[in-house]
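Peer 1: here are the coordinates; sequence isn't available:
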């Protein structure tokens, strides 16, 4: 247990968080333990860890101290022991949790024989590579060799490795693993791919864990603890925290500080989370605009011709050639094996590459499966016929063909460019490179329609077939299509620069880090604020109720008759309101200084400024939670309010301290800034006290609380 | 905006107008006032179409007592749609400002293939089969049968249309093909026949060139157009080619085989009619009555129901013989035997070892001697065939295209002695080992087909972005324009950047000249040029090649050397193919790729379908590269024959004409990048031959004005540098209305302020 603690500072910090929370959450703790046990049974844990776990879990469960806390309140005077026990149990569990996340690899190490190489060509130094979770060590087998490595993973920025591909005819690839640093890196060659893969996976996990740790370093916000969160949800929260420094600070202070629970913290920020999730989290990788060169590799000596197929290429083939896809689904694996299928396909490709139509036709006549690949793709032809109907009429050259009476067969002059005349029986076997080019570009443009990670060819083929089917099914109705087409034509017809400029297109504003944004905006806002005298516009508030009522009536009838206007408010008005709000905001915040163009905050020393802002946001957060717990209807709410009050009362003296310690020339300004915060806090305290008094008096009225 | 040009109030649907649009309208109005023809060249990207439409409709509105009709001819259906789109915009504007008195009827007209709404008919593959499928449901004899026997299928849309008779009218408005279809569907009327009927009453008709120029089509569609019409040929730089194509026919082996099959079928039908005749009088009577009619001298029955009308006589209306059909072809079986002899004769002529070029006169003579067919019989071939097919009640006309071709050929040969020649080639020059005999009747005289148009209508406007040299067209088409003007473009900023690239980065010359064409060095340099450009230019790039075969070759070689792969790292690649459907889809995808910011390159062919009418404006084309000079295939016999004719008749030198033709194609290709003055684009002419003055000077003036001397002899790296500079400059905001003094955008107030005199200062 000790070792675990020392070896994992990360886990330790989590434990601390946990310990804070745990004080109120023993029941849940038990539940989690049970959950862990269940998970445990499904996993092969190393004996050592298992025994540790069982012993400590046993201790927790059986310990009278835990029982005493969770159950009756009888005190046996084992205060100290109890606490250490609790803490240990919690630590153990959290460490275990962590190890589940990372497949308990934290205290594992990998040892493999390798060659250490300076470059790919270099024969390398034979030796042993040891890896554990924070460093790797290379010891050469030749003790005289000076090549020794002892590197921390901290410095490693990434890793790369060679692919294991079995190509026929080429020499087997080396099994290399490259650990990159900012400058240079370390290249190891392994004896076999399995060895390499073990190390590769190990490195990957270590790096991943480290990155995760780094990203949310001070957060430990994290997994679990009191609610079962999906990994996606968790990720979203972590991402939000990363993006928003302010949020992160608050989170650190309150959640990790134990004042708020994770759930409470996020409950007020549901909207943020939703927004975030609606944004596409994962960027899809487009297809590469890379044609599979049908140029076969031949070694020049033998008659053998080699084609290389990778899952990526297969996906491309399936997308570009629906007939091949269909044939695959039909033939494999009932009629032929996968390998036979692709051999056949390659053969067809080879025949095409020779551009010998007659030979292709002859081959196809003999072998009907081969003919599928050699013939023209009827599915493509049908698709083209379907798509041509949706084409923009201003470039529909097919319609033109239908209107052309000059080119009746044999009318008009023969053009310089003659089509190659082929006998009809060979016609289906003709295929041009241009056709292939167009089809390829169309598919790339369409993007990755299916998202199949696995290399399973069949599932790829099926997924593609499904999407095609779906596409056919949802074919837009004629009317919609016509409408869209017409709209497009009329849009194309306009000459834009003869027209008066139209409204600029509006993009929605998305602010990731509000402080960043508003800080940079302040200066601008202030400039304009300084120029226009924003305080002069006094609105007339002295309206008699009867007048107001009649206005209201008026607007109601207006809406009744005319319906709601779209947009609801005219944009001019909205803009005006927005501007004036903006100005008055910056006015209240910054007008305190003599010169409005430089912000008061900027004149403060940086530390003070940071501190002030931080206090401000934390008070905001606490107040929000504080007030939201009123009216108190449950005990939990009461305890929450108390907690909030306690936290606030901690900040209160800090603020006063700040006011006092600040330099004398700034004191006035600071106190102006601090004053509203203090007032808000005082109001909260007053409310709290009043409430307590009311409750106690009520309780007093009803003896024993009833 | 609204302004006066002399006595006409012009309604223009935008807030501002380019000065060149204004002066274009002024010139156009003068031509209309003079009731004469005119020739106007105005750069692309200056809103030619809207200026034209706006002036002519406004002119028509101001002459209430005798409103003129506008017949607007486009080369392609998609241009028709675009024009109607602009007209809609204009019409809405006029309605807003003038109220109901501005109401007009405007419609586009196309073939059944594009207008039919009957699902069973329109599903047919091509135009001919749609026409035939329609005829099978709507021919008068089919409908007669259906009246007796309800099991005979008819077209409900056509029946409804016929039933409502004179009530079947289009309410005023602007109808694109799509609108016509929707209207037809909603009313249950056949849009095709409705549109054909409404063409007579419409204020504006938009259709393809052929509906006026090709006598076969014009004969049935444009017969009843009033004289008080303005005919506009937009994008008319190729009009001479359309004219000669309309009167040319070629006959191949396959045609003859098909024709033989057709003759056999007619033979059978005739025998059946005669045979049945013993039992049932009607069928034999049909033949009998036809004979009587022919004796009376009516080659074609007057007043055919619209649904029976077939393609009309290939010969121009004035040249059609209006006399009795000669006695020896009146009887159906005699006519069939004549056809047999004719086909046999042509077959013999085709079976030759050498290339032959004969004049029609000598061809007819030898035909008379060897097959006993004289020129008078030839002249009647087409009408006689038409009459026979109607009599035999044949509805699957798509099967009879071959014999129709033969008869077209016969009638043309019989009618015209001058301006044509017959060329027989046993094989294609480029593939001498493949026998592919072809007999071509080539028309060389472009003025023949357009002559009736000039004579029939009061004003004909020929306009395009590239009509240079502008004095050549009146000679080619043989007419006297009252106004002939070439406008330049007043630029707010230098938004076009033409360059002539003569060398690759390795300083070796690039060209598509015959000896350099397949040089791997040239191919590589062209590829490198494109590669450099795709990494510099945003959005869309269009490349034009001189021919399909050259494009296929060079793209394949780029693929093999890996250049294409590198190009694809930067942009998607689309390519024009000879398959129209595929090309259309490729274009659609190209636009999508440009819209979404992915960027793309489009490979296309000068003189191809894409070069003919697709705009690559704005982000759809920031750069056009013209690889090589798009000369016609100079060894082609038909071209040589035409050159000879031009030299003899108009004293135009062969070289001059070829250069003129190549340069107008090149200018047309590069002109597609710019659509308005806010748009910008670069044009690279990548061939060393463009530096020569005789080539370059044939480019339109508005391009030449922007072509700086420093840009006349560039290598790839210099071009890249210029491109970077240019794009950076164009990315800056600018003042749309133009710098001081030189206004490039006029508002209503500006127009009011100045008279014509000031306008001239502004412009030139």
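Peer 2: Arrived safely. A quick note: this is a predicted structure, and the numbers were derived from the prediction, not measured.
Peer 1: find the closest residue to chain A in the stretch 251-400 of chain B.
Peer 2: Per CB to the nearest CB, residue B:255 is where the stretch 251-400 of chain B lies closest to chain A, at 5.3 Å. Where you see a C-beta, it was placed from the backbone N, CA and C, and this is true even at glycine.
Peer 1: element containing that residue, please.
Peer 2: Residue B:255 belongs to helix B:253-277 when assigned by DSSP states H and E.
Peer 1: so which elements touch the following helix or strand past that helix?
Peer 2: Once the chain leaves helix B:253-277, the next helix or strand it forms, by DSSP H and E, is helix B:281-295. Under the contact definition 3 or more CB pairs under 8 Å, 6 or more residues apart in numbering or on different chains; DSSP states H and E, helix B:281-295 sits against helix B:253-277, helix B:332-350, helix B:375-391.
Peer 1: give the buried residues for helix B:281-295.
Peer 2: B:283-284, B:286-287, B:290, B:293-294 (16 or more other CB atoms under 10 Å in any protein chain shown).
Peer 1: in the residues you listed, which has the lowest confidence score?
Peer 2: Among the buried residues of helix B:281-295, residue B:283 has the lowest pLDDT, at 66.
Peer 1: quick check: residues of the stretch 651-764 of chain B near chain A?
Peer 2: Applying CB under 8 Å from any CB of the partner chain, we find that the stretch 651-764 of chain B lies next to chain A at B:675-678, B:736, B:745.
Peer 1: quick one: which of those has the most company?
Peer 2: residue B:677 (26 neighbours; other CB atoms under 10 Å in any protein chain shown).
Peer 1: for that one, grab phi and psi.
Peer 2: Main-chain torsions, residue B:677, degrees, to the nearest 10: phi -70, psi -20.
Peer 1: leaving aside the residues next to it on the chain, what's closest to it?
Peer 2: Spatially, and ignoring its direct neighbours in sequence, residue B:677 is nearest to residue B:492 (5.2 Å; CB to CB, 6 or more residues apart in numbering or on different chains).
Peer 1: now that neighbour: how far from residue A:556?
Peer 2: Applying CB to CB, to the nearest Å, the value for residue B:492 to residue A:556 is 52 Å.
Peer 1: and for residue B:173?
Peer 2: 41 Å.
Peer 1: go on, residue B:429?
Peer 2: From residue B:429 to residue A:556 the distance is 86 Å (CB to CB).
Peer 1: likewise for residue A:268?
Peer 2: 35 Å.
Peer 1: neighbour count: these two, which is higher?
Peer 2: residue A:268 (13 against 10).
Peer 1: where are the low-confidence patches of the stretch 151-300 of chain B?
Peer 2: Within the stretch 151-300 of chain B, the stretches with pLDDT under 70 are B:275-283, B:296-300.
Peer 1: contact partners for the residue in the stretch 151-300 of chain A that chain B sits nearest to?
Peer 2: In the stretch 151-300 of chain A, no residue comes nearer to chain B than residue A:289, which is 4.7 Å away by CB to the nearest CB. Contact analysis of residue A:289 by CB atoms under 8 Å, 6 or more residues apart in numbering or on different chains lists A:441, A:444, B:568-569, B:572.
Peer 1: pull the most distant pair out of those.
Peer 2: A:441 and B:569 (13.1 Å; CB to CB).
Peer 1: so which of these two has more stuff around it?
Peer 2: More neighbours surround residue A:441 than the other of residue A:441 and residue B:569, with 27 against 12 (other CB under 10 Å).
Peer 1: how close does the closest residue to that one other than its chain neighbours sit to residue B:114?
Peer 2: Closest residue to residue A:441 apart from its sequence neighbours, by CB to CB, 6+ apart: residue B:572 at 4.3 Å. Distance, residue B:572 to residue B:114, using CB to CB: 30 Å.
Peer 1: what do you get for residue B:133?
Peer 2: Distance of residue B:133 to residue B:114, computed by CB to CB: 14 Å.
Peer 1: remind me what the helix or strand residue A:659 falls within packs against, helices and strands.
Peer 2: Secondary structure assigned from DSSP H and E places residue A:659 in helix A:635-661. Using 3+ CB pairs under 8 Å, 6+ apart, the elements in contact with helix A:635-661 are helix A:606-628, helix A:664-701.
Peer 1: please identify the buried residues of the first one?
Peer 2: I take that to be helix A:606-628. A:608-609, A:611-613, A:615-619, A:621-623, A:625-626.
Peer 1: and the contacts of it?
Peer 2: Helix A:606-628 is contacted by residues A:246, A:249-250, A:253-254, A:259-260, A:264, A:268, A:515, A:601-602, A:604, A:640-641, A:644-645, A:647-648, A:651, A:654-655, A:658, A:662, A:666, A:670, A:673-674, A:677, A:680-681, A:684, A:688 when judged by CB under 8 Å, 6+ apart.
Peer 1: got a list of what the residue nearest to residue A:441 touches?
Peer 2: So residue B:572 contacts A:289, A:441, A:444-445, B:589-590, B:593, B:598-601 (CB under 8 Å, 6+ apart).
Peer 1: returning to that earlier point: looking at the residues of the stretch 651-764 of chain B next to chain A, which is nearest chain A?
Peer 2: Using CB to the nearest CB, those come closest to chain A at residue B:678, 3.6 Å.
Peer 1: how many neighbouring residues does the closest residue to that closest one other than its chain neighbours have?
Peer 2: In this structure, residue B:678 finds its nearest non-sequential neighbour in residue A:497, 3.6 Å apart by CB to CB, 6+ apart. When neighbours are counted by other CB under 10 Å, residue A:497 registers 20.
Peer 1: please identify the helix or strand for the closest residue to chain A within the stretch 201-350 of chain B.
Peer 2: Closest contact between the stretch 201-350 of chain B and chain A, by CB to the nearest CB, is at residue B:245 (4.0 Å). Counting by DSSP H and E, the element that carries residue B:245 is helix B:239-246.
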